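Q: Following is a predicted model, sequence given first.
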Amino acid sequence: MVKFLYALLIIIIFLIGLISALYGLYIIWKPLAYIIGGTLLVLISIVLNQNYDHPPNKGGGS
């Protein structure tokens, strides 16, 4: 259940970031805040996904 909620949170953050970035591109007279904010949200969701899906190795071996 926790993994499902975490995945849902990542998807929501990614979609909000993507939508705000596209909305920023649509509004030409003040796009910078939307583009930067959307990019940051997308990057945050990617970083959270990488940290959750790829835990560090805790044992030996190759």
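A: That came in fine, so what should we check first?
Q: is it true that residue 17 touches residue 41?
A: Yes: Residue 17 sits in contact with residue 41 when judged by C-beta atoms under 8 Å, with a separation of 3.0 Å. The way it works is simple: take the backbone N, C-alpha and C, and place the C-beta from them, glycine included.
Q: Now the closest residue to residue 22 other than its chain neighbours: which helix or strand?
A: In this structure, residue 22 finds its nearest non-sequential neighbour in residue 38, 7.5 Å apart by C-beta to C-beta, 6 or more residues apart in numbering. Of the helices and strands defined by DSSP states H and E, residue 38 is found in helix 31-53.
Q: Which elements pack onto that helix?
A: Helices and strands touching helix 31-53, as assessed by 3 or more C-beta pairs under 8 Å, 6 or more residues apart in numbering; DSSP states H and E, comprise helix 2-26.
Q: how far is the helix it packs on from where the chain is centred?
A: Average the C-alpha atoms of helix 2-26, do the same for its chain, and the two points are 6 Å apart (C-alpha atoms, centre = their mean, to the nearest Å).
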